[in-house]
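**Student:** next comes the sequence, and after it the predicted model I'd like to discuss.
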Amino acid sequence: MLIGLLLGVALHTSGDDTVRLASRATPVVVRPASIHTRAAVQADSLVLEKSQRRLTLFSHGVLMKEYQVALGKNPVGDKRARGDGRTPEGVYTIRSRNEQSKYHLSLQISYPDSAHAAIARRRGVAPGGDIMIHGLPDAFASVGALHRQQDWTEGCVAVTNEEIEEIWRSVPDGARIQIKP
């Protein structure tokens, strides 16, 4: 269980906030004082490749930054019902953000869409919801990137607290996210 992995483990991060653009572009360093500060470049779309545990931010088709992530406890396959531990697949948008999240910060993904809701209704189950891109609980923030050693969420996409701060600044509400198997 994640709790066992996290207890007593501390990790110092380098604090590198470099945002890598396409290989031909000049890197942009973003070191804002607050989460409310706008990033130098805004992402207009995201792609999550579940099998690679990789979240990629794009601006006008140009790769901005990649992040390694942890997913739901049962990540293979599309989300079918509340509590199945799966991260959904499909095309969604960033619906809203929660600055008071118990996972540092979070961006809500617009799951379930009408297709997932209809399938769940036909099966007589709840589709689930509250799928987020989020950081770590405050009690485990010091674990940093080690959290990615296992999938531990209920279907969300987890990154480090420093990473969710970068994503928070770079991704506006309404940005599209494609979640691939």
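**Tutor:** That came through fine.
**Student:** am I right that residue 174 is in a strand?
**Tutor:** No - under DSSP: H, G, I helix; E, B strand; the rest coil, residue 174 falls outside any strand and is assigned coil.
**Student:** can you tell me the closest non-neighbouring residue to it?
**Tutor:** Spatial nearest neighbour of residue 174, chain neighbours left out: residue 93 (5.7 Å); criterion: Cβ to Cβ, 6 or more residues apart in numbering. Any C-beta I mention is one placed from the backbone N, CA and C, and that applies to glycine too.
**Student:** do you know how far that neighbour is from residue 110?
**Tutor:** Here residue 93 is placed at a distance of 5 Å from residue 110 (Cβ to Cβ, to the nearest Å).
**Student:** helices and strands of the chain: which one bottoms out on pLDDT?
**Tutor:** Counting by mean pLDDT, DSSP states H and E, the weakest-scoring helix or strand in the chain turns out to be strand 18-19, with a mean of 34.
**Student:** from residue 118, how far off is the most centrally placed residue in the chain?
**Tutor:** Taking Cα atoms, centre = their mean, the centroid of the chain lies closest to residue 133, which sits 2.9 Å from it. Residue 133 sits 25 Å away from residue 118 when distances are taken as Cβ to Cβ.
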